[in-house]
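Asks: following is a predicted model, sequence given first.
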Amino acid sequence: MKQRVERQIGDQVLAIETGFLAKQAAGSVLVTYGDTVVIVACATGAPRAGIDFFPLTCDYRERVAAAGKFPGGFLKREGRPTLKETLTSRLMDRPIRPLFPAGFFDEVQVQANVLASDRQNDPDVLAMNGASAALSISPLPFLGPLGSVRLAQIEGRFVPFPTMDQLEESDLDLVVSGSKTAILMIEGFAREMPEDRMLEALEECHRIIRIICEMQDELVAKAGKPKKDYVLADYSVLTERLTSQYYAELKAACAISGKQDRNNAVKALKDRALAEVAPSEPTRDFKPGLAGGISEPDFKHVWHDLHEKAIRALIVEGTRPDGRGHTALRAIHCEVDLLPRVHGSALFQRGETQALVTITLGTGRDEQRVDGLIEEYSKKFMLDYYFPSYSVGEVRPIRGPGRREMGHGALAERSVKPVLPDPDVFPYTIRVISDILESNGSSSMASVCGATLGLMAAGVPISHPVAGISVGLVKESEDRWVLLTDIIGDEDHHGDMDFKIAGSQNGITGIQLDLKITGISRAIIEATLKQSREARLEILRNMLTAIRRPRQEISVWAPRLLRTKINPEKIGLLIGPGGKTIRAIQESTGASIDVEDDGTVTVASHDAEGAMAAMAQIEGLTASIQIGRVYEGRVTSVKEFGAFVELVPGKDGLCHISELSDEYVSSVGDVCRVGDVMRVKVIAVDDQDRVKLSRKAAMRELAESAGGSTPAE
């Protein structure tokens, strides 16, 4: 039976329907906002044998038919997920993962497909709300509901569920997920927004989230399926045994400073405990928790929890794994210009996290074309993040970038983008590569810091330097919690929060929150914003010791770009018949020339001389004749009454015999012949666009500028 709930949010109605599509799924909903429609369905299966984690898979797909388009390419069918689809899949996954009970290891899949798009309302937030709604009405033990909202700020006013056009005007793009009582996930970017204003934006998001949660509660009351009883594994016997025998030693090992030494000590203790507790041969066909605490998978599961307990206890007692205070940063080292030939390079190291950044400057031809549900557009700034396995001392199959790498790269890219110069001021296409060579916590924020250093070293005139930091959390209760600045890997893995905040001294440019608990309060968010700002300013001070401001000149190895604007009516003149004219300029100067429909001409060359030569030819070809300007022209025709002189290609003027010289001229041929080059001054342009020239005026002006008399004829 079809059921529908709806609320007016922003300018449109948000509606969630169920009961008539995908009825064999564990739960399915149709989410509509404006004319954008997304179907979301969830399904579940039995857990795989030996699994010790929650196998949740979220997948979001956009089929361009939803916007009345055909896919590009030869096959005319969608292929692997785009970057937008991958990032949206992550947005769906991150808030719902903590809302399943610990120890629940059943397979769960959540799939979202965009069925219709009005090209104005982004389907990603609809898919996020649909994932929660589908899980809430299913028999799965989902501890929801949760709501998700995108918020913009236009002229100081918050706008929920903004359109694409509104986002172009906005200085905030904030996506927040949460329950009725707490915030669970944040992904946002702003134009240097102060922390106080960001906190107000988060509170406004939570107000709307409560409305969306009420909608889902109403849907569950109408169409919810009875929740299935799940019996979770009981590890109490093994937990008690390992705690009594090894917890004290494990806690001491976790207090060793230095990642490698600490890991080696913990691993040695784990191997000893495993040999003493578990048999050499693992039990076949075991069930978690029912093997009497003697199977290796059982042991690993309980040991992980014991390891987490030890680290959290140390932190709450005031001892972090590496011995720092709760607000202390690790040692920071910054360098620029490490690599030859590249257009810019920098190294940023914070503790055992190291990012090597390379900058490449290109032309408009290097822009990345992006196609999807909305109109195709191009990107002039790209940041690619690479995380090789050797950065953490591991061996893994070498494949293309995964979801994590894409997500970290997108976070760093959008955190740096607000401080980039306007393309009219700096027309280069910019690519940043961040290679993580060592990693022990918050490599994405290291990429932000390294990108800032690299851009300044490359001569990109950014408005302000940007830095980022991650703050962690260990929460024992609502009244007992500890924030950790600059978290390391163990604190990230065993803690409750990874709250990344990037920005300049003026405010926040990027913010991302991931939790392993069911939410955090306003007090924790406010304290995190304050603590992260203090750390960010300290990092910026360290960065500025390596390079204080962007260089005045770009690298000698970077292409030279020059720009001018011509009358759009003269584009045809510049291009010439069949492209003959523009090809001739490119071949003679070695430069490449791009012409836009509005008359903007961009000249690119690997040397300044070639770019200037090409620009001179373009200006000479397309320039308008200016009265009072002196031109060096070529005589194209000689008549009894004067000479015709070509000032620029395709445009000539008449120099009357009386304007050839201050002396008497009996014949034009006495002064000039066809093919001669001479200086003439434009003295008038009549209504019929006929140009009148004067050689004697040009000679007089030349003599005055030289401080001498009129040269002899």
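Replies: Yep, it's here.

Asks: how far away is the residue nearest to Gly495 when sequence neighbours are not counted from Asp662?
Replies: Closest residue in space to Gly495, ignoring its immediate chain neighbours: Gly472 at 4.4 Å, by C-beta to C-beta, 6 or more residues apart in numbering. C-betas here are computed from N, CA, C, even on glycine. Here the distance between Gly472 and Asp662 works out to 85 Å (C-beta to C-beta, to the nearest Å).

Asks: more crowded one of these two?
Replies: Remark: of Gly472 and Asp662, Gly472 carries more neighbours, 26 against 13, as counted by other C-beta atoms under 10 Å.

Asks: for that one, give me its contacts.
Replies: Under the criterion of C-beta atoms under 8 Å, 6 or more residues apart in numbering, the neighbours of Gly472 are Leu483, Leu484, Ile487, Glu491, Asp492, Gly495, Asp496, Met497, Asp498, Phe499.

Asks: Arg330 against Asp322, yeah?
Replies: Yes. The pair Arg330 and Asp322 passes the contact test of C-beta atoms under 8 Å, sitting 7.5 Å apart.

Asks: looking at the two, which is more packed in?
Replies: Asp322 (21 against 17).

Asks: show me the shaky parts of the chain.
Replies: Judged against pLDDT under 70, the low-scoring parts of the chain cover residues 279-294, 649-650, 707-713.

Asks: domain ranges for it?
Replies: Following the assignment in automatic domain parsing, the chain carries domains at 3-149+195-223, 236-316, 332-543, 560-622, 630-706.

Asks: for those domains, which one sits closest to Asp229?
Replies: Ranking the domains of the chain by their distance to Asp229 (criterion: C-beta to C-beta) puts domain 3-149+195-223 first, at 8.7 Å.

Asks: span of that closest one from start to end?
Replies: 7 Å (C-alpha to C-alpha, to the nearest Å).

Asks: same check on stretch 653-669?
Replies: Using C-alpha to C-alpha, the distance between the terminal residues of stretch 653-669 is 17 Å.

Asks: doesn't Cys334 fall inside a strand?
Replies: Yes. Secondary structure assignment (DSSP: H, G, I helix; E, B strand; the rest coil) places Cys334 inside a strand.

Asks: burial count for it?
Replies: By the criterion of other C-beta under 10 Å, Cys334 has 20 neighbours.

Asks: surely it touches Arg541?
Replies: No. Between Cys334 and Arg541 there is no contact under C-beta under 8 Å: 10.6 Å.

Asks: which residues do those two both contact?
Replies: Taking C-beta under 8 Å, 6+ apart as the contact criterion, no residue touches both Cys334 and Arg541.

Asks: which of the contacts of Gly472 fall within strands?
Replies: Applying DSSP state E to those, the entries found in strands are Leu483, Leu484, Met497, Asp498, Phe499.

Asks: which of the residues you listed lies closest to Ala223?
Replies: Distances from the ones in strands among the contacts of Gly472 to Ala223 were compared by C-beta to C-beta; the smallest belongs to Met497, at 33.9 Å.

Asks: that closest one against Leu473, yeah?
Replies: Yes. Counting by C-beta under 8 Å, Met497 touches Leu473, with 3.6 Å between them.

Asks: list the residues that contact both of these two?
Replies: A shared contact of Met497 and Leu473, defined by C-beta under 8 Å, 6+ apart, is any residue touching both; here these are Ile520, Ile524.

Asks: overlap in contacts of Arg330 and Asp322?
Replies: Taking C-beta under 8 Å, 6+ apart as the contact rule, Arg330 and Asp322 both touch Gly351, Ile488.

Asks: which helix or strand contains Gln24?
Replies: In this structure, Gln24 is located outside every helix and strand according to DSSP states H and E.

Asks: for it, grab the count of nearby residues.
Replies: 7.

Asks: got it, and Met445?
Replies: A count of nearby residues for Met445, using other C-beta under 10 Å, gives 31.

Asks: how far is the lengthiest helix in the chain from where the chain is centred?
Replies: Assignment by DSSP state H gives helix 195-223 as the longest helix of the chain. Computed by C-alpha atoms, centre = their mean, to the nearest Å, the chain-centroid distance of helix 195-223 equals 26 Å.

Asks: can you give me the helices for the stretch 401-550 of the chain?
Replies: When assigned using DSSP state H, counting those that start in this stretch, the helices of the stretch 401-550 of the chain occupy the ranges 403-416, 443-457, 489-494, 522-543.

Asks: ok, which of those helices comes nearest Gly590?
Replies: For the helices of the stretch 401-550 of the chain, the distance to Gly590 is smallest for helix 443-457, at 27.0 Å, taking C-beta to C-beta.

Asks: got the angle for the closest one vs strand 332-336?
Replies: Comparing the axes of helix 443-457 and strand 332-336 via axes from the mean of the first three to the mean of the last three C-alpha atoms, to 10 degrees yields an angle of 40 degrees.

Asks: if you count neighbours, what's buried in helix 443-457?
Replies: By neighbour count on 16 or more other C-beta atoms under 10 Å, the buried set for helix 443-457 is 443-457.

Asks: kindly report the same for stretch 141-152.
Replies: Pro141, Phe142, Gly144, Pro145, Leu146, Gly147, Ser148, Val149, Arg150, Leu151, Ala152.

Asks: neighbours of Gly27, just the number please.
Replies: By the other C-beta under 10 Å criterion, the neighbourhood of Gly27 contains 27 residues.
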